[in-house]
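Visitor: Got a sequence here, can you build the structure:
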Amino acid sequence: MFVAAPVEDTFKPETVPAPVGGLNAYDSLAAMPDTDAILLENWWIQPYGCSMRKGYSEWTTGLPASIGTIAGWFGTDGTQKLFAWSSTGMYDISARAVAGAAIVSGLSNSSWETVTFTNTAGGNLIAVNGVDNGIIYKAAGVARLVLGDGIVVNTWAGLNPAEAVQLTVHQHRLWAVKKNSPVGYYLPPDAVQGTFLSYDFGPLFKKGGNLQFLSTWTLDDGNGAEDHLLAVSSRGEAVVFSGTDPSSSTAWALVGVYDIGAPVAGRRSHCKAGGDQLVLTQQGLVSMTSMLVSTKVESAEQPLTSLKIQFLLSELTSSYGTLTGWQVLYHPTINMVLVNLPSATASLIGQLAANQITKGWCTFSGMSAASWCSHNNLLYFGNTLGTVYKAWDGNSDNVLLNDTGGTGVNALAQQAYSYFGGRGTQKQVGMYRPTFVTRGEVAYATEIVYNFVEDTVVTTGSVPGLSAGLWNTALWGSGLWGGGSNVQQAWIQARGMGVAASLKMATQSASEVLWISTDYTLVNTRGVL
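Guide: Just a heads-up that it's a prediction; the model follows:
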C-alpha cells in the first residue's frame with residue numbers, strides 16, 4: 001500500500017549574474033550558460049556587469065545627403081580636424097555646428113577610403129574613391145592628387161589617383177589598391193607622392209578575383225612581433241608577407257595564404273584591433289591570429305571570434321552582404337569592435353558590438369548609421385539624412401545642437417534559461433529583483449518565462465509609462481537620484497512554473513545604468529509517493 005507524502009515547498013534564494021557572457025546564438029537553449037543571453041540589445045558588456053549603451057548628440061547638421069565617409073586628421077603641432085563627405089562635397093566638421101560650405105566640391109560620390117600618414121613634412125590625410133582625383137589634406141590645407149611625374153607637388157606616377165580604391169600605410173610606405181585589379185602599388189618610404197612600384201598578388205589568388213584591400217597585421221612568427229602585410233582578395237584568400245621592401249628577395253617573404261571567406265561588400269570589412277586583424281566575411285568575423293595555426297605564433301590573449309553570433313551573422317551577411325554600408329571599426333577607448341550593418345537592417349539591428357576584453361557580443365539599435373569614425377578617442381557616425389552625430393555621448397539619444405531634446409536609451413534583454421542547479425526539477429520563481437547601479441532612475445518592465453516557450457517580447461516603446469502590458473512592471477522612485485551612484489532594486493512577483501526559467505526585461509533610462517545581477521526566490525515543489 002502506497003501512502004502519499006505531504007507536498008513539501010522548499011524556498012531557496014538564487015543569484016544569477018547579469019549576462020556578461022554576451023549574446024549567444026550558437027548553443028542550445030537547454031545548454032546555454034546562465035551568464036549568456038538570448039537577446040541583448042543596447043546592453044554593453046563589461047567585466048563586472050552590463051551597462052546600458054551611451055547616447056548620441058547632433059554634431060553637424062545641414063549636410064546635403066547621406067554621410068558616406070567620416071575621417072580625422074592630426075597635425076604634428078597637436079591640431080586636428082574632422083571631415084565628412086556628403087553628396088558631391090567634402091566638409092570640415094571639426095566644430096559642433098550647422099555645416100558650412102564644402103571645402104571640396106564637384107565629387108562623384110561620398111564613398112571615400114582614407115588613411116592618415118605622418119612623415120617629416122607633417123600630418124597627411126589621403127582619400128581616394130576610384131573615380132575622382134585623390135584628396136590630400138595637410139597643415140597648409142586641402143589639395144587634389146593628380147596623375148603626373150611624381151616630382152611636381154601632389155602628383156603620382158605609376159598609378160592614377162583616380163583609379164585607386166583603397167589605401168594603407170605599411171612599414172612606412174603608402175600602399176594603394178587599383179580598382180578591378182589584383183595588383184598593389186607602393187611608394188618609397190615616408191612618401192605621399194612620387195612614383196609607385198607595383199606588386200602583383202594575382203598569382204597567389206588561386207580562386208581568382210581582384211585585390212579587395214591591403215592592411216597591416218602584427219604578429220609574432222618566431223622572430224619577435226613585427227608588422228606583416230595582409231592582402232585579401234575579393235574571393236576570400238588572405239596573403240601574408242613579412243619584410244619591408246617588396247622589391248628585394250632578401251627583405252620580402254611570403255608567410256602564407258589562407259582561405260577566410262569572401263569579404264562583405266565595400267572596402268571597410270576589416271579593422272586592426274590591437275595586434276589582431278579582423279575581417280568580416282561570409283564565414284563570420286575572422287581573426288587572422290586564430291587563422292594562423294603555427295607553433296611559432298605566440299598569442300598573449302585569446303582572439304576575438306564571432307562563434308556565439310555566427311548563425312545571426314550568417315543570416316545577415318547572406319541577406320545583405322552585397323549591400324553597401326558594412327563597416328568594421330575598432331574604438332580603442334572602450335575596447336569596442338563595432339560591426340555596422342547596411343541601413344536596410346536598421347529597423348532590426350543597427351550594429352553588432354563586442355568588448356575585446358570580455359569577448360562578449362551584443363546588438364545596438366536606435367543608431368541608423370551610414371558610416372563611422374573613431375577620432376581623437378571619440379566616436380562619430382553619420383546617417384542617411386545628412387547629420388553627423390557624436391556617439392557614446394551622454395545617456396540620451398538624439399540630443400540636438402542646442403543641447404535640448406533627446407530621449408533616454410531603450411534596452412532589451414532575455415537572459416539564458418537557468419535550471420538553478422536542478423535540471424529536470426519542477427520549480428517556481430516566487431519573487432525576483434534585478435539589481436542596478438545607477439546615477440539616476442531606471443524604468444523597466446519584466447517577465448519570467450518557463451520551459452523555452454517564446455512569447456511576444458515587450459518593446460521598449462511600452463516602457464516609459466510602465467502602465468499595463470505583457471510583462472510585470474516595477475518602478476523605483478518618482479524623481480532623479482541625487483549625489484553619486486545608487487543601488488536600485490525592488491522585488492517583483494513572478495507567475496508560472498517549469499523546469500527552467502528565463503528573465504525578459506525592457507529598460508529605459510537617461511542615466512548611467514549598470515545591471516549587476518538578478519536575485520530569485522525559488523519554490524521547489526515535490527510530491528513523494
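Visitor: if you skip the residues just before and after it, what's nearest to residue 285?
Guide: Using Cβ to Cβ, 6 or more residues apart in numbering and skipping the chain neighbours, the partner closest in space to residue 285 is residue 306 (3.9 Å). For the C-beta atoms, the positions are set from N, CA and C on the backbone; glycine is no exception.
Visitor: Could you pull up the residues touching residue 367?
Guide: By Cβ atoms under 8 Å, 6 or more residues apart in numbering, the residues touching residue 367 are 56, 350-351, 381, 389, 391, 397.
Visitor: nearest to residue 107, of these?
Guide: Of all the contacts of residue 367, residue 381 has the smallest distance to residue 107: 20.6 Å, by Cβ to Cβ.
Visitor: Name all residues that make contact with that closest one.
Guide: Contacts of residue 381 (Cβ under 8 Å, 6+ apart): 56, 67, 70, 340, 367, 369-373, 388-389, 391.
Visitor: Please report the distance of the residue nearest to residue 285 from residue 178.
Guide: From residue 306 across to residue 178, the span is 30 Å (Cβ to Cβ, to the nearest Å).
Visitor: As a check, name the ranges of all helices in the stretch 201-350 of the chain.
Guide: Taking DSSP state H, counting those that start in this stretch as the test, the helices found in the stretch 201-350 of the chain are 288-291, 310-320.
Visitor: what helices or strands is the last one leaning on?
Guide: With contacts defined as 3 or more Cβ pairs under 8 Å, 6 or more residues apart in numbering; DSSP states H and E, the packing partners of helix 310-320 are strand 284-287.
Visitor: ok, back up a step: contact partners for the residue nearest to residue 285?
Guide: By Cβ under 8 Å, 6+ apart, the neighbours of residue 306 are 284-285, 313, 354, 361.
Visitor: Now pLDDT too, for those, in TSV please.
Guide: Formatted as TSV, the contacts of residue 306 follow (pLDDT from 0 to 100):
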residue	pLDDT
284	85
285	90
313	89
354	96
361	97
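Visitor: Can you tell me how far the residue nearest to residue 19 when sequence neighbours are not counted is from residue 56?
Guide: The shortest distance from residue 19 to any non-neighbouring residue, by Cβ to Cβ, 6+ apart, is to residue 37 (3.8 Å). The gap separating residue 37 from residue 56 is 23 Å, by Cβ to Cβ.
Visitor: Please verify my assumption that residue 444 contacts residue 434.
Guide: Yes: using Cβ atoms under 8 Å, residue 444 is in contact with residue 434, at 6.8 Å.
Visitor: pLDDT on the helix or strand hosting residue 434, on average?
Guide: Secondary structure assignment for residue 434, by DSSP states H and E: strand 428-438. The average pLDDT for strand 428-438 rounds to 95.
Visitor: so what secondary structure elements neighbour it?
Guide: Against strand 428-438 (3+ Cβ pairs under 8 Å, 6+ apart) you get strand 443-450, strand 486-488, strand 492-493, strand 501-509, strand 513-526.
Visitor: got the ones you listed as a markdown table, with mean neighbour count, distance to residue 409 and mean pLDDT columns?
Guide: As requested, these are exported to a markdown table (neighbours: other Cβ atoms under 10 Å; distance: least, Cβ to Cβ, whole Å; pLDDT from 0 to 100):
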| stretch | mean neighbour count | distance to residue 409 | mean pLDDT |
| --- | --- | --- | --- |
| strand 443-450 | 22 | 11 | 95 |
| strand 486-488 | 17 | 16 | 93 |
| strand 492-493 | 16 | 22 | 94 |
| strand 501-509 | 24 | 7 | 96 |
| strand 513-526 | 19 | 8 | 87 |
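Visitor: Looking at those, which is nearest to residue 410?
Guide: Nearest to residue 410, of the helices and strands packed on strand 428-438 and by Cβ to Cβ, is strand 501-509 at 5.1 Å.
Visitor: From the chain's centre, how far out is that closest one? Work that out for me.
Guide: Relative to the centre of its chain, strand 501-509 is centred 23 Å away, using Cα atoms, centre = their mean, to the nearest Å.
Visitor: so where's this protein shaky on pLDDT?
Guide: 1-11, 220-225, 292-301, 344-348, 455-483, 524-529 (pLDDT under 70).
Visitor: list residues touching both of residue 444 and residue 434?
Guide: Joint contacts of residue 444 and residue 434 (Cβ under 8 Å, 6+ apart) are residue 505.
Visitor: Now distance to residue 229 too, for the helices and strands packed on strand 428-438, in a markdown table please.
Guide: As requested, those are arranged in a markdown table below (distance: least, Cβ to Cβ, whole Å):
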| stretch | distance to residue 229 |
| --- | --- |
| strand 443-450 | 50 |
| strand 486-488 | 51 |
| strand 492-493 | 56 |
| strand 501-509 | 45 |
| strand 513-526 | 42 |
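Visitor: So which of these is nearest residue 174?
Guide: strand 513-526 (43.8 Å).
Visitor: Tell me which other helices or strands the closest one touches.
Guide: Against strand 513-526 (3+ Cβ pairs under 8 Å, 6+ apart) you get strand 8-17, strand 49-52, strand 428-438, strand 501-509.
Visitor: 6 Å - rerun?
Guide: On a contact count with 3 or more Cβ pairs under 6 Å, 6 or more residues apart in numbering; DSSP states H and E, strand 513-526 meets strand 8-17, strand 49-52, strand 428-438.
Visitor: contacting residues around it?
Guide: If you take Cβ atoms under 6 Å, 6 or more residues apart in numbering as the criterion, strand 513-526 is touched by 8-10, 12-18, 49-52, 420, 427-438, 442, 503.
Visitor: which of residue 37 and residue 56 has more neighbours?
Guide: residue 37 (30 against 24; other Cβ atoms under 10 Å).
Visitor: does the more buried one sit in a helix, a strand or a coil?
Guide: strand (DSSP: H, G, I helix; E, B strand; the rest coil).
Visitor: picking up where we left off before, ok, and which of the helices and strands packed on strand 513-526 has the densest surroundings?
Guide: Across these, the average number of neighbours (mean count of other Cβ atoms under 10 Å) peaks for strand 49-52, which reaches a mean of 23.
Visitor: so after it, what's the next helix or strand?
Guide: Heading C-terminal from strand 49-52 (DSSP H and E), you reach strand 56-61.
Visitor: Report all helices and strands that that next one contacts.
Guide: For strand 56-61, the packing partners by 3+ Cβ pairs under 6 Å, 6+ apart are strand 388-391.
Visitor: change it to 7 Å
Guide: strand 388-391, strand 396-399 (3 or more Cβ pairs under 7 Å, 6 or more residues apart in numbering; DSSP states H and E).
Visitor: before we move on, back to that, so which of the helices of the stretch 201-350 of the chain is the most packed in?
Guide: helix 288-291 (a mean of 20).
Visitor: what's next to it, contact-wise?
Guide: 217, 219, 230, 238, 258, 260, 276-277, 279, 299, 303, 305 (Cβ atoms under 7 Å, 6 or more residues apart in numbering).
Visitor: The same query, at a cut-off of 10 Å, please.
Guide: Residues from elsewhere that reach helix 288-291 (Cβ atoms under 10 Å, 6 or more residues apart in numbering): 215, 217-220, 228, 230, 232, 238, 240, 256, 258-260, 270, 272-279, 297, 299-305, 307.
Visitor: Could you measure from residue 263 over to residue 437?
Guide: 40 Å.
Visitor: How far does the helix or strand harbouring residue 372 sit from its chain's centre?
Guide: Assigned by DSSP H and E, residue 372 belongs to strand 371-375. Centre-to-centre, strand 371-375 and its host chain are 11 Å apart (Cα atoms, centre = their mean).
Visitor: okay, the angle between the helix or strand that that strand is followed by and strand 371-375?
Guide: Tracing the chain C-terminally past strand 371-375 and defining elements by DSSP H and E, one meets strand 378-382 next. In terms of direction (axes from the mean of the first three to the mean of the last three Cα atoms, to 10 degrees), strand 378-382 departs from strand 371-375 by 160 degrees.
Visitor: neighbouring strands for strand 378-382, and are they parallel or not?
Guide: If you go by DSSP bridges, strand 378-382 pairs up with strand 371-375 (antiparallel), strand 388-391 (antiparallel).
Visitor: No further queries at this time; thank you.
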